[in-house]
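Visitor: With the sequence up front, the predicted model follows.
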Amino acid sequence: TDLEVTHWWTSGGEAAAVAELAKAFDATGNKWVDGAIAGSGSTARPIMISRITGGDPMAATQFNHGRQAEELVQAGLMRDLTAVAEKGKWKEVIKPVSLLDSCTIDGKIYCAPVNIHSWQWLWLSNEAFQKAGVPVPTNWNEFVAAAPALQKAGLQALALGGQPWQANGLFDTLVIAIGGKELYEKVYKDKDEEAAAGPEMAKIFAAADQARQLAKGSNVQDWNQATNLVLTGKAGGQIMGDWAQGEFQIAGKKAGTDYTCLPGLGLNQVLATGGDAFYFPLLDDEEKSKAQDILAETIVDPKTQVAFNLKKGSVPIRGDVDLAAANDCMKKGIEIISKGNVVTSTDQLVSADTQKQKEDLMSEFFAGTSITPEQAQERFAEIIGSAD
Amino acid sequence: MADVSTLNTTVAGIDAVSRGLASGPSGRKPKRVLSRRNIVLYGTLTVAALYYLLPLYVMVVTSLKGMPEVRLGNIFAPPMEITFEPWVKAWAQACTGLNCDGLSRGFWNSVRILVPSVVVSIAVASVSGYALANWRFKGAELFFSILIIGAFIPYQVMIYPIVIVLRELGIYGTLTGLVIVHTIFGMPILTLLFRNYFASLPVELFKAARIDGAGFWQIYFRIMLPMSLPIFVVAMILQVTGIWNDFLFGVVFTRPDTYPMTVQLNNIVNSVQGVKEYNVNMAATLLTGAVPLIVYFVSGRLFVRGIAAGAVKG
Amino acid sequence: MHDTVSIKKQNSVSIRDLSLSFGSVKVLENLNLDIRDGEFLVLLGSSGCGKSTLLNCIAGLLEPTEGQIFIKDKNVTWEEPKDRGIGMVFQSYALYPQMTVEKNLSFGLRVAGLPKDEIAKRVSRAAGILQIEPLLKRKPAELSGGQRQRVAIGRALVRDVDVFLFDEPLSNLDAKLRSELRVEIKRLHQSLKNTMIYVTHDQIEALTLADRIAIMKNGVIQQLDDPTTIYNRPRNRFVAGFIGSPSMNFLKGELSEEGGRVVFKTDGTSFSLDGYEASKPLTPGRKVILGVRPEHIKVDGDIQGGEVHDAVVEIEEPMGADNLLWLKHAGHAVTARIGGARRYAVGTKVRVGFDMSMASLFDAETEERI
Amino acid sequence: MHDTVSIKKQNSVSIRDLSLSFGSVKVLENLNLDIRDGEFLVLLGSSGCGKSTLLNCIAGLLEPTEGQIFIKDKNVTWEEPKDRGIGMVFQSYALYPQMTVEKNLSFGLRVAGLPKDEIAKRVSRAAGILQIEPLLKRKPAELSGGQRQRVAIGRALVRDVDVFLFDEPLSNLDAKLRSELRVEIKRLHQSLKNTMIYVTHDQIEALTLADRIAIMKNGVIQQLDDPTTIYNRPRNRFVAGFIGSPSMNFLKGELSEEGGRVVFKTDGTSFSLDGYEASKPLTPGRKVILGVRPEHIKVDGDIQGGEVHDAVVEIEEPMGADNLLWLKHAGHAVTARIGGARRYAVGTKVRVGFDMSMASLFDAETEERI
Amino acid sequence: MAKTVPSGRPNHLLRNLNSKIASIPMILIAVVIFLGGTLWTVVYSFTNSRLLPRFNFVGLDQYERLWASSRWMISIQNLAVYGILSLIFSLVIGFVLAALMDQKIRFENTFRTIFLYPFALSFIVTGLVWQWVLNPEFGIQGIVRSLGWESFAFDPLYNPDIVIYGILIAALWQGTGLVMCLMLAGLRGIDEDIWKAARVDGIPMWRTYIFVVIPMMRPVFITTLVLIASGIVKVYDLVVAQTSGGPGNASEVPAKYVYDYMFQAQNLGQGFAASTMMLLTIAIIIIPWAYLEFGGRKRG
Ligand SMILES: Nc1ncnc2c1ncn2[C@@H]1O[C@H](COP(=O)(O)OP(=O)(O)OP(=O)(O)O)[C@@H](O)[C@H]1O
Ligand SMILES: Nc1ncnc2c1ncn2[C@@H]1O[C@H](COP(=O)(O)OP(=O)(O)OP(=O)(O)O)[C@@H](O)[C@H]1O
Ligand SMILES: [Mg+2]
Ligand SMILES: [Mg+2]
């Protein structure tokens, strides 16, 4: 049966990963009809939602892990996967369990998680530091200290793309890495306005202020263009999620020799686990519904997980798979996750609306010096105070 | 001077009009090719033309370069080695997710969307414009004013209501649905255009046809249509450009197998694989723009004439 | 029913209490008009007085606000134009530019679904009458003004209707063509004997063509009479001034008694009113206006008795057949029309006589004829 | 230099060998024309004959292909329009629609940088002459046709120029207004004494206004003479037919000898040529065309001796002051003009006499007057 | 007497039935889509709808938040700056080009096509090309610097203070051709005699254009104005393609705010509130004008 699957994985590593999914699904005797829409989730999501609400849904669609599809489920537009999940013992195999939590609404499971991504990585270009004549830093503080040397060598210290979500992600990474798990959870999970306005948080904003100084001058938009600056030794480092790994891989760079990765910015080895999941809109067609179940099974299947995540550079959603082929960085990540040093990602903790407000704030903050850290914190606290 | 006076003596004819030319300026005033007026005129036009051509030049030049050359960074330099690889890639090989058949995939979809959308939207708008101009009835101008205000509503806002309407009609995701969407959003400007044009035609023609016993449709088809070719060309150009380049509706109101070319273009331009393949992007861009461009080249003359023929008379 | 019968015998078009407003502007108000069968009626009036509006109402192209319209005894107030048995010719010809002359003529018939041979017959008959057979294959753009006008008339002709409506059909043509086509329309009327309603603001057309003229002003018919009556015995000052070119001379003054007879007095000069046929008593002291047409002011040799006054030539306008003199006479400027062969230099002193039997007297206030 | 001097004394505008082509179309060819100081010259001709083109050349709005133009003794062939000392009035008025009348009048002066009080003086003088003072604050859209025309003239007036050019200034107006404004222009000329060149295709305007008329056809001047000569002694058949409304009657025939006298013969009827002043010998056998104006065909009582023929009234056209009879006479249709008071029913038999002293004879081939 | 005959006035609605039937699509679109859609939007702007429209009334909350949002304020400022400048420059450039083209020049067709061709390209592309040309490293700035003028700075897309002008440059490049065509057509419609009259009066060309011709071209300007203004209010694609609203929030525009909040933030209520504000502003400007232009007076 032909199933149309929409997603926004169109970059090199992403597309290769999707191909693995398709291959696995096609092997079950069905057919994966690819409906890729480029331009990241913000372009693709409205299209997906319109189609689902318009009564002409695709068979499966990617969403970010979290609350993006909550209302669609509540409106009864999504297929209940509880049966499939029980059959595949998802509750047992999927790690961390929090991933499945966000697929669960009123005790029923509505999505199949496909990978784990974490944001808290600092990617460093060994070549750049070599040029600058300083050793490769081992944590964020060293990086900040080394920055003047880089700049002197005519290099960009920190690469940062212009899109709002990148600034936002960078900030949240600073919260975990510098502020620690507790602060992170106080602010994002408990939505504690006082904490958000407090002195702990002020340190984060000070760090963010530093970061924005270092990022000044990176005239790129897309995240992978920023990664490319690091990759080619034009910039010292970039704070970006583990998907950046895919770019290094495709370019044939080796972790450790060509580039260095520091999870948790080398300060605080905690990762926030977000990721992608597939949702299956309710279809009238009996056969397609069956095929949807098969697709869900395929996605969670260990073999598929390995194949997919190796290409994508992300971590599998189950702990019981063998990732011998994974490179250094990925192994570091898996280790941290299996140790349980994880927090839930902001996508799951706060609504898209709050997330967007944060993005607006961060994007404005990182774009220049028009707002001081103090002002930014004030506004940040407001957003947290009204968050849901 | 002597010859002048001899000429002057050959007085002849009716009224003793003295024939022959005196000295001094005579005939056409000689014009220098490089007069100040010409320099300013053609100079300004050429400078303006350069501004308009610069991006086109960049696009063409880039699309003919290989990636290594593009990476050199001089976007204005002509290609050292001309390659058509990017064009081939853009047309037939560029990947979107799993599909690696470039723009070609969307081309026929675009045509399939374009033709009925242009035809239907122009048909509906021209009939409405005709009804507004010639068969004014109570409230017509009110509806028209609403339409004009409608021209200012951002498309995105209307997506939800339209999704709901199409869903209720059961035509969401069909070509019919998409055609209706294009008709809706073409309505305001096109109706304004047609209304003003038909209003500028002599009312007597309409009256004469009514006395001849022709009804609403007969007058429209047999009297008005044959006289309005230019304005139809104008409307066509506007619609072809608009619909061909539309991304939002094309992607929201179709499925992957019927995605128009612009979706592919968006995918090619926005899927970044390592370094952006600018040469392919530019080639894709030029390929996508080709259809409206051809329409312009073919009907450029009619365009201006059409508007001049009364399309803009308020 | 008896009143419709009474309309039938004599009237081709009847208009009853017709009113029409555009928004708040009243263009026609309570207009009544009866047009006899076979009559040539001219609607004459200055620009914007509502002539076209009235014609459009008759044709059904405008809906009256109130009132009724009868054509051939049938109430057609709410009929479609095509069902009224009318044909109409427009000032701008309104030929369908993309059709040949033949198609132009046959369009209405084809729309009505007449059989082919019937259409051909009617077209060739109309083309014959109007002598446009050689033009049948041409398009309007390839015709001269006069030819276009003939095609426009032909389009009305083929419809075989009872009533023809003309809306200033000649005003786009030059003087020469205008006078030629005027005669053709007159001939057409004489041979077809249809009812014709003809709108114009050219008085020469009105005078030459009409059986009766209706002179309109601000949507009201001022006088409805045959041309001679209108010309010689205008009902009021407006009609008098509107008809005749150059215009009638008007002298303001008052009636007074002199030697037992009532005379007209202005600025000290008095004019005997001998020969004037008054329709109302000429009470002395009444403020009046005396109207005399230029051709009724006789100059020098033309004077055939009666009072004689002095005047000075101010401007001379030779018009070929005639010669127009602008005279200064007792403080007034008056025009006199004399034969084209007699010429006067500017400044010449002349003697003038007023032909009172052809003059008109109007009350200064009501401006009605006395 | 002596030849320019010779132009100076008598000519205000002189045109020498003027040719103008649009692409391959020759509109004017080797045209020569001298216009005297203070003269009112009318260019008359049918549509498209090149009148406007000639006027535009004089104004400097079109560049001649060849030839020279002198205004007030100065060769202005290459001058800008504004430096030629001309003012021009257009058929469409060409008023600046968004400016008040006052602004319209003063715009050119303000641009030329004249002092404010000088501008005010000139505007108020022009407004005074044209009696448009009350309109100064209005915009053109709020004016009637005649008022607009006066403003257009005013715009030329304020420029204080030697030569006025008028391009069919009255043809957009209705008949009544036309005749009024005609007189005003004539008055204006008499008081200003400027040179005026006036284009029209209305012969009444030409006849009444002109000191001299130049009749044009296809870019060639056919006759340049004063109105009386043009009317009574047209140089060729074109001029004869073009001037006079209704048109001159033309009878084709030939000269033959009868009783020792040369007579005109057509269809068996012969007309004595007594009283005709021939400019060339009347050779018998020559094919000729006899032209007689309607007013020179005398009917019944008007006949004052001479030959008498029989005719039948076909159509009667009463025109108020006159009455036009369309007669059938010896197989020809001729028009006669009689007094407005005399009426004839269609079909009446009448006697007609031709006034040969006022007739014209043209060679059938060259169409030149004999 | 004839008054006794009943007038038998037929039903008014049924007269010219065909024209009413033919207008149904227009009426439906106007009423159902534009009016209905607008009302629907307005109603839901008072709710706290998230991903899907839900009728959960929250009063003016969305509006309060909207006006407290610095991004919205920036968007409005940007639109005002962009709108006014783009209106002025489109009209001025379009008109000047048209006036030049109207000088009976040679190669008119070529020039016209050159000026018009950007209109054929989609915004996605326009944005990309200009993003390129204005890129400080390898665009104009880079070229000029490589020619030796090291201090030359022209990086509008990366400078928050002038980014909106960078967008303007691209927008003008795309849109002025059409404006030029409309203006040219309007110029061709001006009575030849006006030009002649002005020449005889000795009025220089530029003054004739400014004081005489432009005021005469009112209808053309109105059509053009509607066209440009509706494009300005809806501007979205170009910004997304060129800067995605950046750097920071510096080039945000209202339409993008609406879109982002409706679909990215999944806060329909907020998006609807923003679009209601946009519509309200437009309506305040347009309705009186539309009434004067299309409503009140009838043509003769
Ligand atoms: N559609 C309309 N709306 C408003 N007023 C109108 C309309 N049509 C005509 N009028 C007005 O009605 C009056 C009569 O117009 P109508 O066309 O009947 O005049 P007319 O006598 O035919 O004049 P003309 O000789 O100029 O043709 C005029 O004052 C005109 O302004
Ligand atoms: N710009 C032009 N290009 C080509 N031919 C032209 C142009 N202007 C005028 N003509 C031609 O030149 C001839 C003379 O034109 P002109 O305008 O002088 O006529 P006119 O005597 O003024 O006629 P009318 O009485 O209609 O105004 C016409 O045959 C016309 O077609
Ligand atoms: Mg009328
Ligand atoms: Mg002319």
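Guide: Looks like it arrived, so ask away. Ligands and ions are numbered 1, 2, ... in the order given.

Visitor: CA only for contacts and neighbour counts going forward, please
Guide: Fine.

Visitor: Which helix or strand contains C:Leu324?
Guide: strand C:322-329 (DSSP states H and E).

Visitor: measure stretch E:20-30 end to end?
Guide: By C-alpha to C-alpha, to the nearest Å, the extent of stretch E:20-30 from end to end equals 14 Å.

Visitor: E:Pro160 and E:Thr243 touch, don't they?
Guide: No: contact criterion C-alpha atoms under 8 Å: E:Pro160 and E:Thr243 do not qualify, at 10.5 Å.

Visitor: of the two, who's got more company?
Guide: Using other C-alpha atoms under 10 Å in any protein chain shown as the criterion, E:Pro160 and E:Thr243 rank with E:Thr243 on top: 27 against 20.

Visitor: Now the more buried one: phi and psi?
Guide: With angles defined as degrees, to the nearest 10, E:Thr243 sits at phi -140, psi -10.

Visitor: For it, which non-adjacent residue is closest in space?
Guide: E:Leu157 (6.8 Å; C-alpha to C-alpha, 6 or more residues apart in numbering or on different chains).

Visitor: So the one you found: helix, strand or coil?
Guide: With DSSP: H, G, I helix; E, B strand; the rest coil as the basis, E:Leu157 sits in helix.

Visitor: that older thread, contact partners of the next helix or strand after the strand holding C:Leu324?
Guide: Next helix or strand after strand C:322-329 toward the C-terminus (DSSP H and E): strand C:332-339. Residues outside strand C:332-339 that contact it (C-alpha atoms under 8 Å, 6 or more residues apart in numbering or on different chains): C:246, C:249, C:251, C:293-299, C:321-328.

Visitor: mind redoing it with 7 Å?
Guide: Residues outside strand C:332-339 that contact it (C-alpha atoms under 7 Å, 6 or more residues apart in numbering or on different chains): C:249, C:294-295, C:297, C:321-328.

Visitor: Equivalent analysis for stretch A:351-359, please.
Guide: In contact with stretch A:351-359 (C-alpha under 7 Å, 6+ apart) are residues A:67-68, A:164-165, A:168, A:383, A:387-388, E:264-267.

Visitor: From these, list the buried ones, please.
Guide: A:67-68, A:164-165, A:168, A:383, A:387, E:264-267 (16 or more other C-alpha atoms under 10 Å in any protein chain shown).

Visitor: Including pLDDT, secondary structure and distance to C:Lys26, could the residues you listed go into JSON lines?
Guide: Output for those, formatted as JSON lines (pLDDT from 0 to 100; DSSP: H, G, I helix; E, B strand; the rest coil; distance: C-alpha to C-alpha, whole Å):
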{"residue": "A:Arg67", "pLDDT": "70", "secondary structure": "coil", "distance to C:Lys26": "68"}
{"residue": "A:Gln68", "pLDDT": "71", "secondary structure": "coil", "distance to C:Lys26": "65"}
{"residue": "A:Pro164", "pLDDT": "83", "secondary structure": "helix", "distance to C:Lys26": "65"}
{"residue": "A:Trp165", "pLDDT": "84", "secondary structure": "helix", "distance to C:Lys26": "68"}
{"residue": "A:Asn168", "pLDDT": "89", "secondary structure": "helix", "distance to C:Lys26": "70"}
{"residue": "A:Ile383", "pLDDT": "89", "secondary structure": "helix", "distance to C:Lys26": "65"}
{"residue": "A:Ala387", "pLDDT": "80", "secondary structure": "coil", "distance to C:Lys26": "66"}
{"residue": "E:Gln264", "pLDDT": "79", "secondary structure": "helix", "distance to C:Lys26": "60"}
{"residue": "E:Ala265", "pLDDT": "80", "secondary structure": "coil", "distance to C:Lys26": "60"}
{"residue": "E:Gln266", "pLDDT": "81", "secondary structure": "coil", "distance to C:Lys26": "58"}
{"residue": "E:Asn267", "pLDDT": "84", "secondary structure": "coil", "distance to C:Lys26": "56"}
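
Visitor: contacting residues around the residue nearest to the spatial centre of chain A?
Guide: Chain A has A:His117 as the residue nearest its centroid, 4.5 Å off, counting by C-alpha atoms, centre = their mean. By C-alpha under 7 Å, 6+ apart, the contact list for A:His117 reads A:241-242, A:273-275, A:314-315.

Visitor: out of those, which are inside strands?
Guide: Mapping these onto strands (DSSP state E) picks out A:Thr273.

Visitor: and which of the contacts of A:His117 is nearest ligand 2?
Guide: A:Gly241 (71.8 Å; C-alpha to the nearest ligand atom).
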